[in-house]
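1. Everything below, folded, please.
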Amino acid sequence: MLRKVLILSASVGAGHLRAAEALEKAFKQTDSISEICNIDVLQYTNPLFRRLYGELYLDMVSAMPGVFGWIYDSLDTPWQNEWERLALDRLNTQPLIEFLKNYQPDIAVCTHFLPAEIISWLTAEGEISFPQAIVVTDFDVHAMWLYHHYQRYFVAINETRVHLEKLGITPEKITVSGIPIDPVFAEHKNKIEMREKYGLEKDKLTILVSAGGFGVGNIENLLIALSELKTPAQILAICGRNEELKTKLKKLALEKLNNERVSFKLIGFTKEMDEYMSASDLIVGKPGGLTTSEALAKGLIFVVVNPIPGQEERNSDHLLEEGCAIRCNNLPTLAYKIDELVKDVSRFETLRKNVLRFARPNASREIVEKLLSL
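-> Presented below is the predicted three-dimensional model:
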């Protein structure tokens, strides 16, 4: 039985941290864990590496998404350059290595590939002996997630399980769980009650737009496109921690966006995302692994706009293949595509049913239960 659990993530975007927090919360809801340590491993690296590994990612996906996509694809060759990458990461993660040698959990659970790589190497060297579980936080698995020393892989979908098996990962060590999200997203909350709680109209189409936990991406043009909807609608724009963005969008809403058909509500960082999703019908934006899984759990049809080349493109492919989303490649047609979807009641309902079928709202609990049973 597990008594001491170490959860490791990295602040490269918000999703990996949210997955770690979801698992921590699920572990705390059990009675069998005496100690849970949840760390951001970038805090155990040198400042330059932390800057390059974390902040540079946000800068790149905002300003140079095409370059990021090229790098993503270039590195996606299984088992290639793993020693070169390990040499670089070992050099810059000495505090993390010392921490892992001194801390003795019953298991380490990684929601990012950097700590998984270091643990795999230390295990091979005989420096540590505790097992590790690797939790993949997108629908596809990239080569950076592949390691030799692990007890369990948790993946989002069966296709990813098959992919890992074809790459030589032992089938008995793979669990299809979904991507871990906060257990609160599994709780049913009445749509009308949530709209009343947040001062929204009860009978209007409600669309959620998220800029992610860090508020990155140019969403001004997206909101301008939504202001052209012919369907009466209310737009909830989540700006994350980016207060400058929230201020800019509030001004834009007053001067240009709000009209007789469409109203805009600007929201900063919130811990009530599950309730805003419960109040909504659609989500518009980029399909990151965590945001997508949360939206699916709440029954939201995804309108994919400008996915980041790489993991978000692949997440988008899976949503479209499963009949859970529509995609807008040309922003000036966004309002038209949503209007047409909403007018087709049968199509809208089919997509919503597909969403509920594809959702894995209890993924974090399933992962914890599996780990407790090992």
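2. Going along the chain, name the helices of the stretch 151-300 of the chain.
-> Taking DSSP state H, counting those that start in this stretch as the test, the helices found in the stretch 151-300 of the chain are 158-166, 191-197, 220-226, 243-252, 273-278, 289-297.
3. Could you pull up the contacting residues of the residue nearest the centre of the chain?
-> Geometric centre of the chain, nearest residue: residue 290, 2.1 Å, by Cα atoms, centre = their mean. Residue 290 is in contact with 14, 15, 18, 19, 137, 179, 181, counting by Cβ atoms under 8 Å, 6 or more residues apart in numbering. Bear in mind the C-beta positions are built from the backbone N, C-alpha and C, glycine included.
4. could I get those residues as CSV with neighbour count and secondary structure?
-> Below are the contacts of residue 290 laid out as CSV (neighbours: other Cβ atoms under 10 Å; DSSP: H, G, I helix; E, B strand; the rest coil):
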residue, neighbour count, secondary structure
14, 20, coil
15, 24, helix
18, 25, helix
19, 29, helix
137, 26, coil
179, 31, coil
181, 33, coil
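5. burial of residue 186, as a residue count?
-> Using other Cβ atoms under 10 Å, residue 186 is surrounded by 17 other residues.
6. go on, residue 206?
-> Counted with other Cβ under 10 Å, residue 206 comes out at 24.
7. So the closest residue to residue 147 other than its chain neighbours versus residue 45, what's the distance?
-> In space, residue 147 comes closest to residue 120 once its chain neighbours are excluded; the distance is 3.9 Å by Cβ to Cβ, 6 or more residues apart in numbering. Residue 120 sits 17 Å away from residue 45 when distances are taken as Cβ to Cβ, to the nearest Å.
8. do the same with residue 327
-> 37 Å.
9. Looking at the two, which one has more neighbours?
-> residue 45 (23 against 16).
10. Just say helix, strand or coil for residue 138.
-> Per DSSP: H, G, I helix; E, B strand; the rest coil, the secondary structure class of residue 138 is coil.
11. My guess is residue 34 contacts residue 2. True?
-> No: Residue 34 lies out of contact with residue 2 (Cβ atoms under 8 Å); the separation is 9.1 Å.
12. between these two, who's got more neighbours?
-> For residue 34 and residue 2, the more surrounded residue by other Cβ under 10 Å is residue 2, and the numbers stand at 20 against 10.
13. Excluding chain neighbours, give the residue nearest to the more buried one in space.
-> residue 106 (4.5 Å).
14. So for the one you found, what's the pLDDT?
-> Listed pLDDT for residue 106 reads 93.
15. Ok, the one 4 residues further on next?
-> What the model reports as pLDDT for residue 110 is 98.
16. Confirm for me that it is in contact with residue 118.
-> No: using Cβ under 8 Å, residue 110 is not in contact with residue 118, being 9.2 Å away.
17. between these two, who's got more neighbours?
-> Taking neighbours as other Cβ under 10 Å, residue 110 and residue 118 compare with residue 110 leading, 29 against 26.
18. Name the nearest residue to that one, ignoring sequence neighbours.
-> Nearest to residue 110 is residue 116, by Cβ to Cβ, 6+ apart, at 4.1 Å.
19. Quick check: what element follows the host helix or strand of the one you found along the chain?
-> For residue 116, the element it lies in under DSSP states H and E is helix 113-124. Using DSSP H and E, the helix or strand that follows helix 113-124 towards the C-terminus is strand 132-135.
20. This completes my enquiry, with thanks.
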